[in-house]
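Q: Provided below are the primary sequence and the corresponding predicted coordinates.
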Amino acid sequence: MNLLILRLSSMGDVIHTLPALRALRQSFPDATIGWVVEDAHSTVLRGLPEIDHLYILNRSRLKGGWSEKRLLAKEMKSRLREVEWDVAIDFQGLWKSYLVARWSKAKRILGYAPSPEKTHWLYTDTVRLPTMDRHAVDRNLDLIQTLGASVRHAESRTDFRRDFSLPVSPGDEAAAEQVLTSLDIPPGNPKILLNFAARKEANKWGTRQYASLAKALLEEGMTPILTGGPSDIEEEQEIQNLIGAPVPSIVGKCNLMQLAAIMERADLLVTGDTGPMHIAAAMELPIVALFGPANPVRTGPYAPDSIVLQKPRDCQPCYARHCKFGEEPPPCLLDITVEEVVGEIQKALSKAPSMME
């Protein structure tokens with residue numbers, strides 16, 4: 001059986017599909033398994049032994065003009081049809097993922113019903129979900145069981161739900177060590193990563209809140225470390241200015257797999273609802289996650305010891321990119337206080353006494 005996985009984005013959703021990938025590989029060891037993913041999220045899949053063919057979809061071309069889209073479609077069809085796919089598994093449920101499934105000429109298309117953009121009406125095979133209020137990892141495993149896949153390891157009989165191992169290379173490990181050494185962090189202080197950035201504005205707690213949190217952590221004898229990508233440097237500088245004294249920062253200094261290696265060496269992550277939150281869960285780093293518009297039951301950190309802070313409001317969940325009240329940060333996130341976050345950090349660290357030594 002040749003299986004094509006369609007999970008184009010986003011980073012967290014790609015990571016949440018890894019347990020299903022591993023269950024498929026064990027259940028069908030002789031199958032050819034392919035995965036179509038957008039270029040921005042391909043890093044966590046490159047080099048994974050479970051994938052025979054990784055197809056990278058250029059997001060900017062997908063959003064381009066009509067002629068560019070036609071050329072992209074022609075190229076992808078040619079590549080995908082080199083394998084005779086038995087089943088295309090649409091973990092995403094969007095029109096763009098369904099379109100790629102059609103390009104592949106798979107004999108069957110499997111997906112959820114209902115799907116986010118109602119593409120389930122066009123699938124050959126559907127799995128009806130009684131509720132969406134179940135974590136994405138569990139929903140993904142429900143989907144592949146209809147193909148006869150086992151969601152338990154053959155030898156240990158433990159399930160695949162925590163099998164998120166990422167392709168961190170020795171080079172990534174070395175780069176992580178180099179970055180941390182360059183920060184000149186006081187020895188013995190707990191290293192608290194502050195992931196202030198987010199793709200959605202409505203998921204940001206705000207620069208003032210992170211600056212206040214960094215100050216509070218310094219007073220508690222902890223070392224805050226700012227994290228983010230190259231596009232977050234302006235916000236990082238704003239936080240540094242609000243703190244009034246420089247704090248360690250890895251903003252723009254590492255790629256995603258190097259960040260994963262840094263997370264192995266950190267003590268805790270404070271973050272909004274973002275891709276790095278799911279990388280931290282995969283690396284088994286303790287997490288204090290700050291949730292506003294989204295439902296953590298569906299997409300929260302899939303880790304038993306993670307802490308989710310969310311203040312209920314009548315408008316939740318709205319899943320918005322921007323707060324409908326026109327406020328940024330949104331009120332649902334601003335309801336979370338710095339004092340509460342510090343308290344949860346202290347609770348999490350107290351469960352691992354060696355961190356505080």
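A: Cool, the structure landed. Numbers count the residues shown, from 1 in each chain.
Q: next, the nearest residue to Lys200 once chain neighbours are set aside: secondary structure please.
A: Leaving aside its sequence neighbours, Lys200 sits nearest to Arg321 (C-beta to C-beta, 6 or more residues apart in numbering; 4.7 Å). To be clear about C-beta, it is placed using only N, CA and C from the backbone, and glycine gets the same treatment. Classification of Arg321 using DSSP: H, G, I helix; E, B strand; the rest coil returns coil.
Q: same question, Gln209
A: For Gln209, the assignment made with three-state DSSP gives helix.
Q: residues contacting Val341?
A: Applying C-beta atoms under 8 Å, 6 or more residues apart in numbering to Val341 gives the contacts Leu213, Val270, Val288, Leu290, Leu309.
Q: among those residues, which ones are in helices?
A: Judged by DSSP state H, the subset of the contacts of Val341 located in helices is Leu213.
Q: can you redo the contacts of Val341 as a markdown table with distance to Gly228?
A: Output for these, formatted as a markdown table (distance: C-beta to C-beta, whole Å):
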| residue | distance to Gly228 |
| --- | --- |
| Leu213 | 15 |
| Val270 | 13 |
| Val288 | 17 |
| Leu290 | 15 |
| Leu309 | 20 |
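Q: can you find the helix or strand of this structure with the lowest average pLDDT?
A: The helix or strand of the chain with the lowest confidence, counting by mean pLDDT, DSSP states H and E, is helix 59-62 at a mean of 87.
Q: touching that helix from outside, list them.
A: Applying C-beta under 8 Å, 6+ apart, the contact partners of helix 59-62 are Ser9, Glu38, Asp39, Ala40, Glu68, Lys69, Leu71, Leu72, Lys96.
Q: any idea how this structure splits into domains?
A: Domains of the chain are assigned by automatic domain parsing as 3-145, 170-356.
Q: start to end distance for the shortest one?
A: Using C-alpha to C-alpha, to the nearest Å, the span of domain 3-145 from its first residue to its last is 13 Å.
Q: and for stretch 236-254?
A: Using C-alpha to C-alpha, the end-to-end distance of stretch 236-254 comes to 15 Å.
Q: for stretch 290-309, same thing?
A: For stretch 290-309, the first-to-last residue distance is 5 Å (C-alpha to C-alpha).
Q: ok, so of the contacts of helix 59-62, who is nearest Glu340?
A: Among those, Ser9 lies closest to Glu340 (C-beta to C-beta), at 31.6 Å.
Q: I figured that closest one hits Asp39, correct?
A: No: the criterion here is C-beta atoms under 8 Å, and Ser9 misses it with Asp39 at 9.9 Å.
Q: so for the two, which residue has more residues nearby?
A: More crowded of Ser9 and Asp39, by other C-beta atoms under 10 Å: Ser9, with 19 against 15.
Q: which helix or which strand is home to that one?
A: Here Ser9, judged by DSSP states H and E, is contained in no helix and no strand.
Q: who are the neighbours in contact with it?
A: Contact partners of Ser9, counting by C-beta under 8 Å, 6+ apart, are Val37, Glu38, Ala40, His41, Arg59, Gln92.
Q: got a winner among those residues for most neighbours?
A: Counting by other C-beta under 10 Å, top hit in the contacts of Ser9: Gln92 with 27 neighbours.
Q: chain center to the top helix by length along the chain: distance?
A: For the chain, the helix that runs over the most residues, judged by DSSP H, is helix 66-80. On the basis of C-alpha atoms, centre = their mean, to the nearest Å, helix 66-80 sits 28 Å off its chain's mean C-alpha point.
Q: quick one: the helices in the stretch 151-300 of the chain, in order.
A: In the stretch 151-300 of the chain, the helices defined using DSSP state H, counting those that start in this stretch lie at 170-182, 207-219, 233-243, 256-265, 275-282, 296-299.
Q: before we move on, back to that, show me what counts as buried in the least confident helix or strand of the chain.
A: Buried residues in helix 59-62, counted by 16 or more other C-beta atoms under 10 Å: Arg61, Leu62.
Q: now do stretch 153-168
A: If you call a residue buried by 16+ other C-beta under 10 Å, then stretch 153-168 has these buried ones: Phe160, Arg161, Asp163, Phe164, Leu166, Val168.
Q: end-to-end on it?
A: Chord length of stretch 153-168, first to last residue, is 22 Å (C-alpha to C-alpha).
Q: go on, stretch 45-57?
A: For stretch 45-57, the end-to-end distance is 13 Å (C-alpha to C-alpha).
Q: residues contacting Ala113?
A: Contact analysis of Ala113 by C-beta under 8 Å, 6+ apart lists His120, Tyr123, Thr126, Val127, Arg128, Leu129.
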